[in-house]
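In: Any chance you can model this:
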Amino acid sequence: MNFYPMGHLLCIDKVIYDHVGISDGQGMVYENTKGVKPQLVSIDDFAKGKKIIDLKILPGSFEASEIIRRARKIIEEGKKSYKLLTYNCEHFVREVCGVDIKSHQVQKYIFSFFAGSIALYANSPHIKWIAGSAAIVSAFSKNSEDAIKNSLIGATVGGILSLIFSDIKSDNDI
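Out: Got it, this is the predicted structure:
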């Protein structure tokens, strides 16, 4: 069994999202997962057969002992439960670490959803290409910062492709 250092942010890649938790330093992980309140689970229950990525201490975090104290307090109080958009595993981890409470993954998918909606409802084929490319690329980005940067690249490529394909269509119409 691996014992990750106390207070370290642990991550499991679940393909379309990452699941994160905090190591207690003794083979257990504080996590917040769908269907339950924040809890302390074994490293094996956290991993569920997947590879664990040790992301170390989240930048700007409290000391490891304070992170663990805060995680225990939330669990003992039992007042918070998992909510995908407002209190998922990222929110929990960031709260106990004392950093800005947000979910980069939720932000990424919301951005992708809005770009996709623009693509679906736009009248202009150029806008459809641009917004659709931005939506697809941002959805497959690892975090919200990458999603915004990559969506700009995707939108640029989509815009170029829309011009190329509109020129091909125009040539075929002659």
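In: Domain boundaries for this structure, per the record?
Out: Taking automatic domain parsing as the domain assignment, the ranges for the chain are 9-102, 105-173.
In: what's in contact with stretch 115-133?
Out: 134-136, 138-139, 151, 154-155, 157-159, 161-163, 165-166 (C-beta atoms under 8 Å, 6 or more residues apart in numbering). (Each C-beta comes from the backbone N, C-alpha and C, glycine too.)
In: circling back to that earlier point, redo the domains of the chain as JSON lines? Include mean pLDDT.
Out: Formatted as JSON lines, those follow (pLDDT from 0 to 100):
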{"stretch": "domain 9-102", "mean pLDDT": "92"}
{"stretch": "domain 105-173", "mean pLDDT": "73"}
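In: Which one, of those, ends up nearest to Phe3?
Out: domain 9-102 (5.2 Å; C-beta to C-beta).
In: Quick one: distance of the closest one to the chain centre.
Out: Centroid separation for domain 9-102 versus its chain: 13 Å, with C-alpha atoms, centre = their mean, to the nearest Å.
In: So which residues make contact with stretch 88-106?
Out: Contacting residues not belonging to stretch 88-106 are listed as 7, 9, 17-22, 30-33, 38, 57-62, 66-67, 70-71, 74, 80, 82, 84-85, 143-145 [C-beta under 8 Å, 6+ apart].
In: picking up where we left off before, could I get the domains of the chain in TSV, plus columns for mean neighbour count and distance to Phe3?
Out: Compiled in TSV, those are given as follows (neighbours: other C-beta atoms under 10 Å; distance: least, C-beta to C-beta, whole Å):
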stretch	mean neighbour count	distance to Phe3
domain 9-102	17	5
domain 105-173	16	27
